[in-house]
Structures are given as C-alpha cells and as structure tokens.
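Chemist: can you look at this prediction? I've put the sequence above it.
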Amino acid sequence: MKAADLFVQALEAEGVEYIFGIPGEENLDLLESLRHSSIKLVLTRHEQGAGFMAATYGRLTGKVGVCLSTLGPGATNLVTPAAYAQLGAMPMLMITGQKPIKTSKQGRFQVVDVVDMMRPITKYTTQIVSGERIPSVIREAFRLAAEERPGAAHIEIPEDIARESTTAPLLKQSQSRRPVAEEKAVERAKAMIEQASAPLLLIGAGANRKLTAKMLRRFVDHTGIPFVTTQMGKGVLNESDPLFVGNTALSDGDFVHKAIERADLIINVGHDVVEKPPFFMHHNGKQVIHINFEPAAVDPVYFPQLEVVGDIANSVWQINERLTPQPHWKRDLYQDVHDAYVQHRQESDSDNRFPVLPERLVSEVRAVMPDNGVVALDNGIYKIWFARNYPAYAPNTLLLDNALASMGAGLPSAMAAKLVNPEQPVMAVCGDGGFMMNSQEIETAVRLNLDLVVLILRDDAYGMIKWKQAHMEFDNFGLDYGNPDFVTYAQSYGAKGHRVTATEELGALMRQCIAEPGVHIIDCPVDYSLNDRKLNQDIRRLSEQL
C-alpha cells in the first residue's frame with residue numbers, strides 16, 4: 001500500500017481520535033489518507049493552537065494527543081507546544097512534513113533540520129527514511145510519549161516517503177506494567193510516618209492520575225493526615241476537604257508555608273522539578289519521603305531522606321495498607337492555618353470595587369462553575385490567585401501550566417477540554433495579552449460548534465510583569481498596550497460578545513453564558529493595582545501572626 005495509508009492505519013491502531021493542525025503541500029498524501037480514515041482532522045488557525053490542543057488532549061485522557069504541520073515555518077511554530085508538553089508531562093506526538101529526501105528540485109527552500117531542532121525538547125524525534133520503518137517508528141513514538149514521565153515525541157515524514165509503496169505489517173501494542181516500589185522502602189516509609197509527630201502530605205504534578213487520586217483519597221480518609229498541593233497538584237483531592245491546608249501558589253510567606261514549617265515529616269507525592277520548589281529543605285531539618293515514578297532529582301534545597309520509587313498509586317496503596325494512624329500525631333497544628341486560609345479567601349466575596357479585583361473574580365468563577373466544570377487558565381498574575389483561592393473539587397478541573405507557563409495556551413486548552421468532555425461546562429480564563437496570542441482560534445471553536453465561555457481579564461497591560469516591576473521598585477515602563485473592542489471582535493467570528501460594567505453583574509452574566517449554547521466572549525476589566533501590596537505584604541504579615 002501507499003506509505004501514507006500505512007502511516008494513518010498505524011495511527012488508527014494506536015487509538016488516535018483527533019489530529020489537530022494545519023497541513024501543507026508536503027502533507028497532501030497524508031491528508032488524502034486521513035480523508036478515508038476514522039480519525040477526525042481539527043483544522044486550526046495556527047500550529048501553536050494545534051499543539052496546545054494536542055498536549056491538553058494528552059493531559060486529560062492519558063492517551064497521546066497528535067498534531068500535524070508542514071515543514072519549515074509550520075514545524076517551527078510547534079516548538080512552544082513541544083516544550084509545553086515536555087515540561088508539563090503531557091503525552092503528545094507531532095507529525096511534520098518535509099521536502100523529498102531522495103531527489104529534490106527546490107534546494108534548501110523552507111528546509112530546516114526539524115529533527116535536530118526538536119531534540120532538546122522531546123523524548124523522541126526522528127525522520128522516516130523508508131515506508132518499511134513506519135510501523136516501528138510510530139509504535140516507539142507512542143510508547144515513549146505515554147510512558148512515565150510522559151512528554152513530547154516528533155516524527156518527520158518527507159513527501160516522497162509518504163508517496164512510496166510498502167508491504168510492512170503493523171505492530172501491535174505491547175503489554176506493559178509499571179515497576180512497583182521495593183518492599184523495604186515501603187516499610188521504611190510506614191515507620192517514618194508512624195514515628196513522626198506532625199506529618200503533612202504534599203501532592204504534586206506527578207500525582208495527577210486517576211488511580212493515584214483514588215489511592216490518596218483512601219490514604220487521607222484512613223490516616224487523617226492534612227494535605228497541601230502544588231499548582232499542578234490541584235484537584236487531585238477535593239480542596240473543600242477540612243484537611244486541605246492550602247496551595248503553594250506563592251513561593252513563601254503564605255499561610256500554607258506555616259503548615260510546612262510546622263511539619264516534621266513531609267510525604268511528598270508526585271514531586272516534579274519543573275514546578276518551583278513548594279518548600280526548601282535544610283540540613284538537620286524536617287524529614288522528607290519522596291514517592292514518585294522516578295528517583296528524586298537532588299539539588300541544594302531538595303535531598304529527601306527516603307525515596308519510594310515505582311508506580312505512585314501502588315506505593316500509596318502499599319503504605320496505606322501497612323499504616324496505623326497514631327494518637328500522637330499533632331493534626332491540630334494545622335487547624336489555625338486552614339481556618340485563616342479559608343477566612344482570608346472569603347473576605348473578597350463582598351468586595352464590589354470595579355474594575356473587578358482578581359480575588360473577587362476567582363470567587364465568582366468558583367460560585368458559577370459546577371463541581372465537574374473545567375476552568376482552563378492562560379498565564380498571568382491571575383494564575384496565582386486561581387491556584388491559591390480556587391478550590392478544585394476533582395482532578396483536571398483547574399487546568400493551569402506551572403511548567404513552561406506559556407501565554408496563549410488557555411483558549412486552545414479549553415477547546416480540547418470541551419472536545420474530551422462535551423457534557424461538562426468549560427471556561428477559558430485569559431488575560432488580554434495571552435488571549436490575543438491565539439485569539440484566532442475563536443474561529444475554530446465556532447466552526448466546531450463548541451459550547452465555550454472565554455473570560456478575558458482586561459487590564460490593557462502585561463500585568464504579571466508589571467507586578468514584578470512594581471515589587472522591584474522600578475517605574476512603570478514598557479508594558480502597556482491597547483486592545484480591540486472584544487465584544488465586536490467576538491461577533492466578527494460569529495461568537496457572542498459580552499461586557500462587564502459592574503462587579504455585581506459578573507456572576508449572573510457567567511451563568512447566562514454557561515447556560516446558553518455557543519461560544520461566549522466576556523470582556524471583564526480587572527484591577528491589578530493592589531497585587532503587590534496584597535501578595536507581597538498583606539498575606540505575609542497575616543501569616544506571620546499564626
């Protein structure tokens with residue numbers, strides 16, 4: 001058969017549902033093969049949007065998300081999504097086209113070494129040089145992208161290879177089981193936890209797996225040990241739980257850091273070095289148990305005394321089965337931290353200042369979204385407020401990126417979330433800067449008939465950097481810009497545009513947009529002027545009183 005047909009059949013054999021992307025002339029044989037397949041092509045308006053959608057599909061399903069581009073500029077536009085997936089542990093495969101490699105009459109036109117370009121930001125990258133190699137290359141790419149720690153893979157298929165004939169058979173997926181932790185490590189973990197006086201559970205990005213969440217729920221119910229989360233560990237356990245002490249959205253000086261200071265043992269589940277350290281270890285300080293798929297990456301502030309390496313869910317289950325809750329555990333050490341966190345979070349609920357303060361906005365979004373509703377964040381200062389103040393009730397209901405932290409990902413991520421979970425309400429929350437980086441995907445969302453709410457936080461500036469600029473006591477410079485009329489802009493794509501003119505309107509407007517079909521764009525002015533005082537001074541002062 002034609003190699004392009006075999007390539008698509010191999011993708012079908014891997015269970016691929018969607019391919020996100022923009023084909024070019026070098027992909028036309030592949031495109032024709034896709035036309036006759038069961039795979040749905042989601043045509044986007046920029047390769048970056050396609051890559052973010054594929055990565056988020058992988059993040060939500062655990063299956064490899066697939067995106068497609070042509071050579072040269074199409075492929076270079078996938079560099080940011082590649083890093084996004086690689087750092088964020090999202091299984092993704094990028095397929096890029098290339099000029100003929102056997103004979104070419106176009107010289108070096110549009111040709112860059114894409115395989116070499118992708119090497120530092122993928123787990124696997126290769127060029128297919130023969131149709132006979134298609135089954136093994138695709139199987140290897142899917143295997144590596146999906147296995148722990150997940151990440152990005154890349155395959156380049158030149159147009160003359162796609163067109164040639166091949167008789168290579170497909171390869172079946174192999175059965176694989178993750179290694180489990182060694183029994184002595186499990187026993188040592190049990191002993192350390194039982195001997196501790198104030199153990200604390202910390203949930204990181206690597207714990208965001210369905211079975212791990214189930215095992216951690218059993219662990220907390222059995223032991224009553226309080227827990228905190230990193231930004232990418234949010235929602236693994238229900239954060240309305242009275243044992244939830246807070247999120248490490250800020251590097252230090254928050255209420256949650258008082259709980260970490262008081263702990264003599266931290267059970268660190270799913271720690272990922274791509275996130276900023278949620279705590280700093282010191283010599284002769286607290287003990288740390290590292291529970292993860294991989295050994296700890298040791299550095300000056302992280303050198304755990306015990307590593308329980310293997311399948312995380314199984315490790316937590318093994319420890320929990322052996323563990324006896326101890327009467328000497330000082331759980332009440334954390335109660336005042338929990339109470340102060342909840343009280344401080346609720347103080348903004350009645351603040352009607354306009355433009356909307358970010359913490360009030362977070363409270364309003366939480367109030368209108370159902371427990372299973374998905375909020376997909378872009379990147380900006382509001383991400384800290386959401387991580388800190390938005391209680392996530394289920395895994396992957398607050399999608400934020402604390403790894404690459406790329407602007408422009410919020411809208412495509414929300415679109416992918418809606419494709420994966422069509423019955424769940426989905427809202428993208430974007431700053432005006434991040435929204436405009438991939439705002440053209442509104443057309444894609446309208447064309448796909450998605451029911452989607454996009455909340456734009458408009459401050460007419462790059463607000464996160466302005467916050468940092470103010471904290472460093474520099475003058476305001478170089479970060480302000482203008483914006484289009486977002487209501488008219490939305491309508492030009494066939495979406496529905498709305499504008500918030502008073503803080504009291506926001507909740508009802510969001511409820512209306514969630515209830516009505518279609519793509520809704522909400523222009524919401526937001527006031528970040530108090531961020532420096534609140535995040536860097538007020539919270540620190542209040543936490544020091546605990």
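Modeler: Yes, it's here.

Chemist: residues touching Leu400, list them.
Modeler: 231-232, 234, 377, 383, 386-387 (Cβ atoms under 8 Å, 6 or more residues apart in numbering). C-beta coordinates here come from the backbone N, C-alpha and C atoms, glycine included.

Chemist: now do the strands in the stretch 351-500 of the chain.
Modeler: 374-377, 398-399, 426-431, 452-458, 496-499 (DSSP state E, counting those that start in this stretch).

Chemist: redo these as TSV? Include distance to Pro358, mean pLDDT and mean neighbour count.
Modeler: Shown next, in TSV, are those (distance: least, Cβ to Cβ, whole Å; pLDDT from 0 to 100; neighbours: other Cβ atoms under 10 Å):
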stretch	distance to Pro358	mean pLDDT	mean neighbour count
strand 374-377	12	98	26
strand 398-399	15	97	26
strand 426-431	10	98	28
strand 452-458	7	98	27
strand 496-499	18	98	18
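
Chemist: among those, which comes closest to Leu144?
Modeler: strand 398-399 (23.8 Å; Cβ to Cβ).

Chemist: ok so, going back, output the contacts of Leu400 in CSV; the columns should cover distance to Glu187.
Modeler: CSV is the format used below for the contacts of Leu400 (distance: Cβ to Cβ, whole Å):
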residue, distance to Glu187
Gln231, 32
Met232, 30
Lys234, 31
Leu377, 41
Lys383, 40
Phe386, 39
Ala387, 35
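
Chemist: how about those, which pair is most distant?
Modeler: Farthest pair in the contacts of Leu400, by Cβ to Cβ: Met232 and Phe386, 12.4 Å.

Chemist: start to end distance for stretch 229-239?
Modeler: Stretch 229-239 has an end-to-end distance of 9 Å (criterion: Cα to Cα, to the nearest Å).

Chemist: now that stretch, how far from the centre of its chain.
Modeler: Mean-position distance between stretch 229-239 and its chain equals 12 Å (Cα atoms, centre = their mean, to the nearest Å).

Chemist: ditto for stretch 85-101
Modeler: Worked out by Cα atoms, centre = their mean, stretch 85-101 lies 18 Å from the chain centre.

Chemist: for it, measure first residue to last.
Modeler: 29 Å.

Chemist: what of stretch 242-254?
Modeler: Using Cα to Cα, the end-to-end distance of stretch 242-254 comes to 18 Å.

Chemist: mind listing what's buried along it?
Modeler: Neighbour counts using 16 or more other Cβ atoms under 10 Å place 243-250, 253-254 of stretch 242-254 among the buried residues.

Chemist: how about these in CSV, adding secondary structure?
Modeler: CSV is the format used below for the buried residues of stretch 242-254 (DSSP: H, G, I helix; E, B strand; the rest coil):
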residue, secondary structure
Leu243, coil
Phe244, strand
Val245, strand
Gly246, strand
Asn247, strand
Thr248, coil
Ala249, coil
Leu250, coil
Gly253, coil
Asp254, coil
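
Chemist: now tabulate the residues you listed in a markdown table and tack on distance to Ala145 and pLDDT.
Modeler: Shown next, in a markdown table, are the buried residues of stretch 242-254 (distance: Cβ to Cβ, whole Å; pLDDT from 0 to 100):
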| residue | distance to Ala145 | pLDDT |
| --- | --- | --- |
| Leu243 | 35 | 97 |
| Phe244 | 33 | 97 |
| Val245 | 35 | 96 |
| Gly246 | 33 | 95 |
| Asn247 | 29 | 96 |
| Thr248 | 29 | 95 |
| Ala249 | 29 | 93 |
| Leu250 | 33 | 92 |
| Gly253 | 38 | 92 |
| Asp254 | 35 | 94 |
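
Chemist: need the max-distance pair from these.
Modeler: Leu243 and Gly253 (22.6 Å).

Chemist: what stretches of the stretch 51-200 of the chain score poorly on pLDDT?
Modeler: Applying pLDDT under 70 to the stretch 51-200 of the chain flags the ranges 105-107.

Chemist: what about the helices in it?
Modeler: Taking DSSP state H, counting those that start in this stretch, the helices of the stretch 51-200 of the chain run over residues 72-76, 79-88, 114-118, 134-146, 159-163, 183-195.

Chemist: tell me which of these lies nearest to Asp29.
Modeler: helix 159-163 (4.2 Å).

Chemist: that closest one: which residues count as buried?
Modeler: 159-162.

Chemist: just stretch 55-69 next, same as before
Modeler: Buried-residue list, stretch 55-69, by 16+ other Cβ under 10 Å: 55-61, 63-69.

Chemist: in strands, which of those appear?
Modeler: 65-69 (DSSP state E).

Chemist: where's Gly233 relative to Glu423, distance?
Modeler: 25 Å (Cβ to Cβ, to the nearest Å).

Chemist: out of these two, which sits in the busier spot?
Modeler: The residue with more neighbours, out of Gly233 and Glu423, is Gly233; 30 against 7, by other Cβ atoms under 10 Å.

Chemist: now the more buried one: how far from Tyr341?
Modeler: 16 Å.

Chemist: for the stretch 151-300 of the chain, what spans make up the strands?
Modeler: Under DSSP E, counting those that start in this stretch, the stretch 151-300 of the chain gives strands at 152-158, 199-203, 227-229, 244-247, 265-269, 287-292.
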